[in-house]
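I'd like to go over a predicted model; first the sequence, then the structure.
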Amino acid sequence: MQKSRSLAFAFVAPALLVLAAILGWPLVSAVLLSLQDVRTIGSQGQWVGFTNYSTVISNPMFWTSVGMSIVWVVANAALQTVLALMAALTLNQNFPGVKIARTWIILTWIVPTVVVVIIWRWLFSTSGGMINPLMMQTGIVSRPVGFFSTPWTAMATLIFINSWRWFPFIALMMLAGLTRIPADLYEAARIDGANGWKRFTRITWPLLAPTLGVLTVVGTLLSFNVFDIIWLLTAGGPAGGTRTLPVMIYETAFKGYKLSEAATISVLATMLLMAFALVATRWLAKEGDSR
């Protein structure tokens with residue numbers, strides 16, 4: 001047994017070393033940069049210790065961006081989970097064309113971000129877009145809505161677009177979890193007289209919970225780091241209403257020419273994500289042991 005473990009570790013060790021170098025070196029470089037005073041890439045800086053950390057933590061804009069990031073992550077997680085669960089439950093049924101639907105649902109995920117941005121910017125445009133005329137014709141609104149004109153509408157619109165793009169991927173992961181649930185359980189529940197809701201709450205949801213837990217952790221980490229859609233559509237505006245931490249890091253480094261402060265924000269964001277991942281993985285492990 002000991003020889004087998006040693007042999008397995010010997011085979012895995014090179015990959016682990018490469019992964020540690022790829023992940024570790026940028027993180028160490030960011031920490032070292034955060035302890036200096038560097039304005040632009042390539043310029044010389046001097047050691048300032050934890051001055052950048054005190055500057056960032058005392059900046060109200062940092063805490064506002066933290067709050068925006070939390071709103072962004074929670075709202076995306078909720079909407080994506082609901083959409084993905086509905087799609088997965090539908091695709092788990094046996095109906096004509098289900099194989100084609102399972103294949104093509106991933107289309108929105110593989111479309112390049114720039115294409116997604118161009119499509120939705122046109123759809124939500126107040127001049128020539130399709131969403132406002134449809135809403136006005138159906139009586140939902142009486143005049144065009146500026147989806148990117150106010151902080152809360154811009155954030156809500158970005159959450160919808162990002163969820164639209166990512167929920168198919170999560171749906172496929174959920175579908176994989178649903179296919180592992182034995183069909184005999186559903187058949188026995190039908191014989192016992194359980195309706196659809198009871199079958200969902202007593203069989204589907206409990207057995208799918210481990211998959212949902214893992215997807216929640218992974219989805220949270222991915223959503224937190226989304227930058228491209230936010231920057232291309234609103235650039236953190238209007239009035240900073242969509243300025244999440246990744247957007248603030250970019251602005252600080254490449255618009256404010258404060259590379260060390262941007263590295264400091266990156267380190268703090270990494271610590272926040274690591275703390276969340278540690279707590280979440282421990283909670284998942286405890287839930288798994290209880291089952």
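That came in fine, so what should we check first?

residue boundaries of the strands in the chain?
36-37, 46-47 (DSSP state E).

Low-confidence ranges, the stretch 101-250 of the chain, go.
Along the stretch 101-250 of the chain, the model assigns pLDDT under 70 to no residue.

can you rerun that using 80?
For the stretch 101-250 of the chain, the stretches with pLDDT under 80 are 107-108, 194.

What segments of it are helices?
Taking DSSP state H, counting those that start in this stretch as the criterion, the stretch 101-250 of the chain carries its helices at 107-110, 113-123, 131-137, 151-179, 183-191, 196-199, 205-224, 228-233, 245-250.

Minimum distance to Ala262: which of those helices has it?
helix 245-250 (5.0 Å; CB to CB). Where C-beta positions appear, they are placed from N, C-alpha and C, glycine not excepted.

Point out the most buried one among the strands of the chain.
Each of the strands of the chain was scored by mean neighbour count; the highest is strand 36-37, a mean of 17, by mean count of other CB atoms under 10 Å.

Which other helices and strands does that strand contact?
The contact analysis (3 or more CB pairs under 8 Å, 6 or more residues apart in numbering; DSSP states H and E) places strand 36-37 against strand 46-47.

Check which helices and strands the strand it packs on sits against.
Going by 3+ CB pairs under 8 Å, 6+ apart, strand 46-47 lies up against strand 36-37.

Measure how buried the nearest residue to Trp152 once chain neighbours are set aside is and give me the count.
Spatial nearest neighbour of Trp152, excluding adjacent residues (CB to CB, 6 or more residues apart in numbering): Gly241 at 6.9 Å. Residues contacting Gly241 under the criterion other CB atoms under 10 Å number 18.

Next up, phi/psi of Gly241, please.
phi -70, psi -10 (degrees, to the nearest 10).

tell me the contacts of it?
Neighbouring residues of Gly241 by CB atoms under 8 Å, 6 or more residues apart in numbering: Met68, Thr150, Pro151, Trp152, Ala154, Met155, Thr234.

filter the residues you listed to the buried ones?
With burial judged by 16 or more other CB atoms under 10 Å, the buried subset of the contacts of Gly241 is Met68, Pro151, Ala154, Met155, Thr234.

Phe224: which of the residues you listed is nearest?
Closest to Phe224 out of the buried ones among the contacts of Gly241 is Met68 (11.0 Å), distances taken as CB to CB.

Among the strands of the chain, which comes closest to Leu259?
Ranking the strands of the chain by proximity to Leu259 (CB to CB) places strand 36-37 first, at 8.9 Å.

rewinding a little: least confident of the strands of the chain, on average?
Sorting those by mean pLDDT places strand 46-47 lowest, at a mean of 86.

Compute the distance from the centre of that strand to the centre of its chain.
Computed by CA atoms, centre = their mean, to the nearest Å, the chain-centroid distance of strand 46-47 equals 35 Å.
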